[in-house]
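Engineer: quick one, fold the following:
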Amino acid sequence: MQPISFNNQVTPYIAEQFQPMNGRVSSDNIQIQQLYENIFKHSPFAISLRDLRSNTFVNVNKGFEELFGYTKEELIGKNRFLIKRTESEEGLALHQALLEEKLDKYTTIIQYTRKDGEQFWGQITRSLIKSGEMRCIMSCIVEVTNQKEAEEELFQSKQELNQKIAEVKRANEELKKYIHSNLQLENFAYITSHDLREPVRTIVAFSQILERKLKTELSPENLEFLNYVTQAGKNLNQLIEDILAFSRVNKKDAPVEVIDVQCILERVLIDLNSIIVGNEIEVKLPRSLPAVMTANSSYLYQLFQNLIKNAVKFRDAERSAKIDVGYSERSDYHQFYVRDNGIGIKEDYFDKVFLIFKKLHSREKYEGSGIGLAICKKVVEFHQGAIWLESTVGEGTCFYFTIKK
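Structural biologist: Residues are numbered from 1 along each chain as shown. Now for the predicted structure:
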């Protein structure tokens with residue numbers, strides 16, 4: 001805290017009261033002395049004079065009485081420690097230097113206690129005053145409680161801010177490690193999956209060849225075992241393909257361009273035509289779509305394809321399946337939805353469905369690796385959007401996603 005400047009004339013004014021007046025006292029001197037007394041009496045600062053020989057108060061002004069709650073009569077002649085205070089080691093050292101006349105004056109901050117027990121902070125300037133053999137300490141005090149508390153709050157806020165900054169730095173370091181680790185994992189997944197494809201395809205191919213050639217020679221039980229190998233190989237091959245698709249998403253160098261959403265949706269429906277027609281599914285596209293929008297066309301194709309395939313897979317066998325694709329424009333993003341009237345999802349699983357390899361049903365009941373919706377989430381995040389769902393068990397599910405403009 002910066003010291004508050006006291007009027008430099010106060011000390012000389014008070015000191016003048018202790019100067020011996022030899023000779024005849026003129027009317028001018030009397031007026032000047034009265035002026036000094038009025039300045040002492042009416043000063044906005046709390047001023048006291050203390051005799052160093054007795055260490056007692058010899059005079060206090062009105063400001064001192066008001067600040068501490070004591071009357072002048074209660075203080076004159078009393079020891080200075082009547083006023084309770086808490087001084088720092090630095091303040092005590094400065095006071096000792098003043099008494100040894102190594103300093104003319106000094107300023108410090110002290111915590112005082114008023115007569116009623118209330119504590120406050122005061123900035124005090126102490127000066128050594130000498131007149132002949134008389135030595136006094138003049139103290140000028142101004143309350144700085146508000147400034148002190150504001151300073152402490154500022155210091156506390158600064159400490160908290162520094163702590164938050166340190167936490168953010170640590171979080172950033174962890175994030176960098178996570179990103180680096182994630183990129184390494186994705187690269188590993190891509191390379192490993194790519195290298196595994198050929199051996200798995202070979203296993204499936206030779207299993208199918210063995211099944212054809214030895215079909216008449218093998219017992220039904222052995223043919224069933226061979227079929228297990230073939231099916232397991234196909235499942236593994238699909239899993240590898242899905243991992244490769246997952247690892248390809250979010251590549252920094254993936255191109256973003258102006259695309260026609262209508263064309264992408266039509267291409268998805270053409271590619272899925274066999275399962276849509278084969279399962280007699282009604283698909284409804286939105287009447288209005290953005291003429292153009294900026295996105296990665298391959299990623300957006302995957303996104304629509306996976307959501308529609310998901311709706312087909314989890315259709316309700318008890319009623320005709322319907323899939324409704326919708327769109328609405330927002331100020332900062334494009335919002336789409338894919339709604340079905342399928343089996344629905346329990347609310348407990350709303351967040352879990354987007355996790356990689358997270359399947360809510362057994363493979364025997366519903367095929368798949370549990371990567372499709374995880375890919376959707378990565379595609380949406382690549383486009384700085386969000387994906388979420390609403391669902392009621394037995395009624396259907398609606399997946400919403402946004403693409404930043």
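
Engineer: which parts of the stretch 301-405 of the chain are helices?
Structural biologist: Per DSSP state H, counting those that start in this stretch, the stretch 301-405 of the chain carries helices over the ranges 372-382.

Engineer: and the strands in it, which stretches?
Structural biologist: Ranges of strands in the stretch 301-405 of the chain, per DSSP state E, counting those that start in this stretch, are 322-329, 333-340, 387-392, 396-404.

Engineer: buried residues in the last one?
Structural biologist: This points to strand 396-404. Going by neighbour count (16 or more other CB atoms under 10 Å), the buried part of strand 396-404 is 396-403. From N, CA and C alone the C-beta is placed, and that goes for glycine too.

Engineer: same question, stretch 126-138
Structural biologist: 126-129, 135-138.

Engineer: just the pLDDT for G326.
Structural biologist: In this model, G326 is scored at 92, pLDDT.

Engineer: tell me the domain ranges of this protein?
Structural biologist: Per the record, the chain has its domains at 10-143, 146-248, 252-405, by automatic domain parsing.

Engineer: so which two of the buried residues of strand 396-404 are the farthest from each other?
Structural biologist: G396 and I403 (23.3 Å; CB to CB).

Engineer: can you pull out the strands in the protein?
Structural biologist: Remark: strands assigned in the chain by DSSP state E are 46-51, 56-60, 85-86, 105-113, 119-131, 134-143, 257-259, 282-284, 293-295, 322-329, 333-340, 387-392, 396-404.

Engineer: list the buried residues of the fourth one.
Structural biologist: It stands for strand 105-113. 105-110, 112.

Engineer: in its sheet, what does it sit against?
Structural biologist: Strand 105-113 pairs in its sheet with strand 85-86 (antiparallel), strand 119-131 (antiparallel), by DSSP bridges.

Engineer: need the residues that contact it.
Structural biologist: 1, 3, 11, 68, 83-88, 90-91, 94-95, 97-98, 119-128, 141, 144, 148 (CB atoms under 8 Å, 6 or more residues apart in numbering).

Engineer: just the CA atoms of it, as PDB, please.
Structural biologist: Output of strand 105-113 as PDB, limited to C-alpha atoms (Å, rounded to 0.1, in the frame of the first residue of the first chain):
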ATOM      1  CA  LYS A 105      10.300  10.200  10.600                       C
ATOM      2  CA  TYR A 106       8.800   7.000   9.100                       C
ATOM      3  CA  THR A 107       5.500   5.700   7.900                       C
ATOM      4  CA  THR A 108       4.000   2.300   8.500                       C
ATOM      5  CA  ILE A 109       0.700   0.400   8.700                       C
ATOM      6  CA  ILE A 110      -0.500  -0.800  12.200                       C
ATOM      7  CA  GLN A 111      -3.600  -2.700  13.200                       C
ATOM      8  CA  TYR A 112      -5.300  -0.800  16.100                       C
ATOM      9  CA  THR A 113      -8.200  -1.500  18.500                       C
END
